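Visitor: below is the sequence, then the predicted model.
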There are 2 protein chains.
Amino acid sequence: MTEVGGTASGIRDQALRCRAAAQALAQLDTAAKDALLRAMAQALEDDADAILAANARDLEAARAKGIAGAMLDRLALDGKRLSGIADALREVAALPDPVGQVTRRETRPNGIRVERVRVPLGVIAMIYEARPNVTADAAALCIKAGNGVILRGGSEAIHSNTAIAAALQRALREAGLDEAVLTLVADLRRETMLELLQLTDIVDLAIPRGGEGLIRFVAEHARVPVIKHYKGVCHLYVDRAADLELALRLLLDGKASRPGVCNALETLLVHADVAAAFLPQAAAALRARGVEVRGDEATCALVADAKPATEDDYAAEFLDLIIAVRVVPDLDAAIDHVRRYTSDHTEVIASGDEAAARRFVDSLRSAVVMVNASSRFSDGGELGLGAEIGISTTRLHSYGPMGLEALTVERFVVRGDGQVRHPDLL
Amino acid sequence: MTEVGGTASGIRDQALRCRAAAQALAQLDTAAKDALLRAMAQALEDDADAILAANARDLEAARAKGIAGAMLDRLALDGKRLSGIADALREVAALPDPVGQVTRRETRPNGIRVERVRVPLGVIAMIYEARPNVTADAAALCIKAGNGVILRGGSEAIHSNTAIAAALQRALREAGLDEAVLTLVADLRRETMLELLQLTDIVDLAIPRGGEGLIRFVAEHARVPVIKHYKGVCHLYVDRAADLELALRLLLDGKASRPGVCNALETLLVHADVAAAFLPQAAAALRARGVEVRGDEATCALVADAKPATEDDYAAEFLDLIIAVRVVPDLDAAIDHVRRYTSDHTEVIASGDEAAARRFVDSLRSAVVMVNASSRFSDGGELGLGAEIGISTTRLHSYGPMGLEALTVERFVVRGDGQVRHPDLL
């Protein structure tokens, strides 16, 4: 039953309006949604000047607050980045529509026809930090899957987000929809975000994206369902039966190609039988790429400049050119290590021994387990989802990279010819 | 990373032990799990005397507390009911195993093979009231899907539950597993249940089963994910194009065959064009089955003994021989009514007009929507799930009746030949 009633912040009323607008969106067919997404892309390009001017205000304020480096870079837009965002919307338009998909079909002995059909989740709240591209990316994915979206971005990007949202909302209005399908929260007080996260009768899912602090805050305070991952402590285990050249490729790609992302490697485990053959060579290659090695005793004995690893190093998501290394006596010890320190994100085994690989896969419960492939493929695009709204290490609904399908749920549609359960009672 | 640390109640240590035991269970193949379930069934039959004696103690205590009627009946076991519980375990053994199912398979352009594979959720906490059969039913479904289960039943059934759990745990031990796979919480203090519901690093899902009060308590206090439904306010809409004889069958089956269950009908909506032809006849048939009609003005004008319906009647889950009735001018008004009062459980349309039926289905977001079939089919067994662990009106993970599959999640298993994401950087 619809509850009505405003609050001081107005967030409840905004969320109710988003939900009502989403009901109309959910009635659109795929062609109409795709046209809408292309119009949204065009609106971003049409508003490029206004969006870049708004972004310049954010950048100026950020610099005045002393923000610099990677964080300032994440906030910055230019013509090329904005075109990239618009193109990403067109790519979402080109993806298959999960809504309406019939995933199973069965006729029961009594003749009723039972279908499982994908429907939108409803209203999704995105809570994120400084990247203004999330405003458009997340909105596009939610809308393609027929959902209303409530966007609560960081204060650093508020002018950019407002300008982007204004362009996208114009496209929504021109398609005959209520612009509240995409609701940008202008009131950035923390208590208003908390209020949003309590709206269990309106918001079907909250997805936090950003640093571990933000994600823990959302997970600890939300009453609406939350799908999130805190961090990616990804392991590579080099088995006794590994092709060591292959293992080295996985190690360098996993650690050094982009250390600041969640699917980068943080820990290397090496079977004792191949440690002497693998580690000195691996350490040299890591060193050449600026990677610091922190190892256990056996590692330090083989790698001259390795620092001793602490317990904390094995639990750490460095997001940096640092790797924790341990030599393990066997596969079981590798599995035990991963079980102890895993963040349930991604684990990799390099091995030519199919039985060992199978045992590694079956013994670990992480969202993604790879055999002889780089951890860096743990990504919605790379795994074939077309796009990624986030990564889940919550073992419910969706586990691992989440694409459009994760923004829907299957329900039951049943057709009969008057069947009843107790004809004898009629 | 595994956190260790006891608490006064010991519930955290119990849950950790359950999780460790579940890891061993998850390694079992289908044949081993099915043999275990059959041994559990046999153990219940072997312990019949002890279980019935324990149940007699619960019944005595319940009578002393003044419990009677349906609640006492839910608590009561006899030889026949116990055989039924054992047979239900054998039926679970015979169901297909969702664990290990490969739901999708794709080779990406770079040659990596991506599979989506079903894995157990991990540890499931069942919170329930007086029915001791839930102890065995829920344990069987959780175990078949490879999960550890923590059972927290009501105090009224504590002796019965303890005796049932002891039998099932003996079968677990005899299969070489730690009996903690099935953990019965003996400490029934409310604060201990609250502590259990905060164990976000151990418990993957809580499923409350019982009255709306219990379910709201769990949903409002849990930090672990909860899947639940509060109530079933199920609607039948009799369209202008309905076969009125068929509609009457759906009405009587839905309202009168078992009014105390969540898939029983609570509200009847009738298109104005057929109200005069349908309602007097329908009311007479309902009256003959002891059903009280509460209607709007138009209904009261057609049905002499109808009482006026209040706003609350349209929101009510009567679970009784009462039905709220409204005459609506058209399909849109029926849809609006359902949207306003739905509990997202089950809605039914009786109509021979395929376009009207499609619009009814597409416009409503309830977990189950039926065309020309009784709401009473909204049940895991009837819809082909084999068994039912609960019903979800949470639009996440599982929506509607939940079977074994809902106790698993899909993860990614990737196999390659040394593929990396940035070969150019090596």
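Guide: Cool, got the structure.
Visitor: distance between the longest strand seen in chain A and the chain's centre?
Guide: Longest strand in chain A by number of residues (criterion: DSSP state E): strand A:408-419. Its chain's average C-alpha position is 31 Å from that of strand A:408-419, according to Cα atoms, centre = their mean, to the nearest Å.
Visitor: who in the stretch 101-250 of chain A is up against chain B?
Guide: By the rule Cβ under 8 Å from any Cβ of the partner chain, the part of the stretch 101-250 of chain A lying against chain B is A:106, A:108, A:112, A:114, A:119-122, A:200, A:204-205, A:219-220, A:223, A:225, A:243, A:246, A:249-250. C-beta here means a position set from N, CA and C on the backbone, and glycine is covered the same way.
Visitor: keep only those of those residues that are in helices.
Guide: A:219, A:220, A:246, A:249, A:250 (DSSP state H).
Visitor: nearest to chain B, of those residues?
Guide: Ranked by distance to chain B (Cβ to the nearest Cβ), those are led by residue A:246 at 3.8 Å.
Visitor: quick one: contacts for that closest one?
Guide: A:350, A:372, B:417, B:418 (Cβ atoms under 8 Å, 6 or more residues apart in numbering or on different chains).
Visitor: among the residues you listed, which pair sits farthest apart?
Guide: Within the contacts of residue A:246, two members stand farthest from each other by Cβ to Cβ: A:350 and B:417, at 11.0 Å.
Visitor: and for those two, which residues touch both?
Guide: With Cβ under 8 Å, 6+ apart, residue A:350 and residue B:417 have common neighbours A:246, A:372.
Visitor: show me which of these two is the more surrounded one.
Guide: residue A:350 (30 against 13; other Cβ atoms under 10 Å in any protein chain shown).
Visitor: tell me the pLDDT at residue A:426?
Guide: According to the prediction, residue A:426 has pLDDT 80.
Visitor: can you report how many residues lie near it?
Guide: 13.
Visitor: pretty sure it is touching residue B:249, no?
Guide: Yes - with contact defined as Cβ atoms under 8 Å, residue A:426 reaches residue B:249; the gap is 5.9 Å.
Visitor: which of the helices and strands in chain A ranks last by mean pLDDT?
Guide: helix A:69-75 (a mean of 88; mean pLDDT, DSSP states H and E).
Visitor: which other helices and strands does that one contact?
Guide: On a contact count with 3 or more Cβ pairs under 8 Å, 6 or more residues apart in numbering or on different chains; DSSP states H and E, helix A:69-75 meets helix A:48-64.
Visitor: and the helix it packs on, which residues are buried?
Guide: A:48, A:51, A:52, A:54, A:55, A:58, A:59, A:62 (16 or more other Cβ atoms under 10 Å in any protein chain shown).
Visitor: state the mean pLDDT of that helix.
Guide: Rounded mean pLDDT across helix A:48-64 is 97.
Visitor: pull the CA atoms of it into CSV?
Guide: C-alpha atoms of helix A:48-64 as CSV (Å, rounded to 0.1, in the frame of the first residue of the first chain):
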residue,chain,number,x,y,z
ALA,A,48,28.5,20.0,-23.6
ASP,A,49,29.3,23.7,-23.0
ALA,A,50,27.0,23.9,-20.0
ILE,A,51,28.3,20.6,-18.5
LEU,A,52,32.0,21.6,-19.0
ALA,A,53,31.3,25.0,-17.5
ALA,A,54,29.7,23.3,-14.5
ASN,A,55,32.6,20.9,-14.2
ALA,A,56,35.0,23.9,-14.3
ARG,A,57,33.2,25.2,-11.2
ASP,A,58,33.6,21.9,-9.4
LEU,A,59,37.3,21.7,-10.4
GLU,A,60,37.9,25.2,-9.1
ALA,A,61,36.2,24.5,-5.8
ALA,A,62,38.2,21.2,-5.5
ARG,A,63,41.5,22.9,-6.1
ALA,A,64,40.6,25.6,-3.5
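Visitor: circling back to that earlier point, now the buried members of the ones in helices among the residues of the stretch 101-250 of chain A next to chain B.
Guide: Applying 16+ other Cβ under 10 Å to those flags A:219, A:246, A:249, A:250 as buried.
Visitor: could you work out the most separated pair of the residues you listed?
Guide: Pairwise over those, using Cβ to Cβ, the maximum falls at A:219 and A:246, 37.4 Å.
Visitor: so which other helices or strands are in contact with the helix or strand residue A:193 falls within?
Guide: Residue A:193 is located in helix A:190-196, with elements delineated by DSSP states H and E. Applying 3+ Cβ pairs under 8 Å, 6+ apart, we find helix A:190-196 packed against helix A:11-26, strand A:148-152.
Visitor: just name the most buried of those.
Guide: strand A:148-152 (a mean of 26; mean count of other Cβ atoms under 10 Å in any protein chain shown).
Visitor: give me the residues contacting that strand.
Guide: A:14-15, A:18-19, A:21-22, A:25, A:122-128, A:134-135, A:138-139, A:142-143, A:161, A:165, A:180-185, A:188, A:193, A:196, A:203.
Visitor: out of these, which are inside strands?
Guide: A:123, A:124, A:125, A:126, A:127, A:128, A:182, A:183, A:184.
Visitor: for the spatially closest residue to the fourth one that is not a sequence neighbour, what are its contacts?
Guide: Spelled out, it's residue A:126. Closest residue to residue A:126 apart from its sequence neighbours, by Cβ to Cβ, 6 or more residues apart in numbering or on different chains: residue A:138 at 4.5 Å. For residue A:138, the contact set (Cβ under 8 Å, 6+ apart) comprises A:126, A:128, A:149, A:151, A:207, A:209, A:389.
Visitor: how is chain A partitioned into domains?
Guide: Following automatic domain parsing, one finds the domains of chain A at A:11-120+A:128-192, A:234-377.
Visitor: just the terminal-to-terminal distance for the last one.
Guide: With Cα to Cα, to the nearest Å as the measure, the ends of domain A:234-377 fall 12 Å from one another.
Visitor: chain center to it: distance?
Guide: For domain A:234-377, the distance to the chain centre is 23 Å (Cα atoms, centre = their mean).
Visitor: next: stretch A:142-153.
Guide: 14 Å.
Visitor: send the alpha carbons of that stretch over as PDB?
Guide: Extracted in PDB, the C-alpha atoms of stretch A:142-153 (Å, rounded to 0.1, in the frame of the first residue of the first chain):
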ATOM      1  CA  CYS A 142      19.000   1.500 -14.500                       C
ATOM      2  CA  ILE A 143      16.700   3.000 -17.200                       C
ATOM      3  CA  LYS A 144      17.500   0.300 -19.800                       C
ATOM      4  CA  ALA A 145      16.400  -2.300 -17.200                       C
ATOM      5  CA  GLY A 146      13.200  -0.300 -16.600                       C
ATOM      6  CA  ASN A 147      14.100   1.100 -13.200                       C
ATOM      7  CA  GLY A 148      13.800   4.500 -11.700                       C
ATOM      8  CA  VAL A 149      17.100   5.700 -10.300                       C
ATOM      9  CA  ILE A 150      17.900   8.000  -7.400                       C
ATOM     10  CA  LEU A 151      21.400   9.400  -7.700                       C
ATOM     11  CA  ARG A 152      23.300  10.700  -4.700                       C
ATOM     12  CA  GLY A 153      26.700  11.700  -5.800                       C
END
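Visitor: any chance of the contacts of residue A:138 in CSV, plus distance to residue B:100?
Guide: Formatted as CSV, those follow (distance: Cβ to Cβ, whole Å):
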residue, distance to residue B:100
A:126, 34
A:128, 36
A:149, 35
A:151, 39
A:207, 29
A:209, 32
A:389, 27
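Visitor: now, which of those residues sits nearest chain B?
Guide: Looking across the contacts of residue A:138 and measuring by Cβ to the nearest Cβ, the closest to chain B is residue A:207, at 11.5 Å.
Visitor: what about the closest one, which helix or strand?
Guide: strand A:205-209.
Visitor: now that strand, how far from the centre of its chain.
Guide: Centroid displacement of strand A:205-209 relative to its chain, using Cα atoms, centre = their mean, is 9 Å.
Visitor: same check on stretch A:408-426?
Guide: Remark: stretch A:408-426 is offset 37 Å from the chain centroid, using Cα atoms, centre = their mean.
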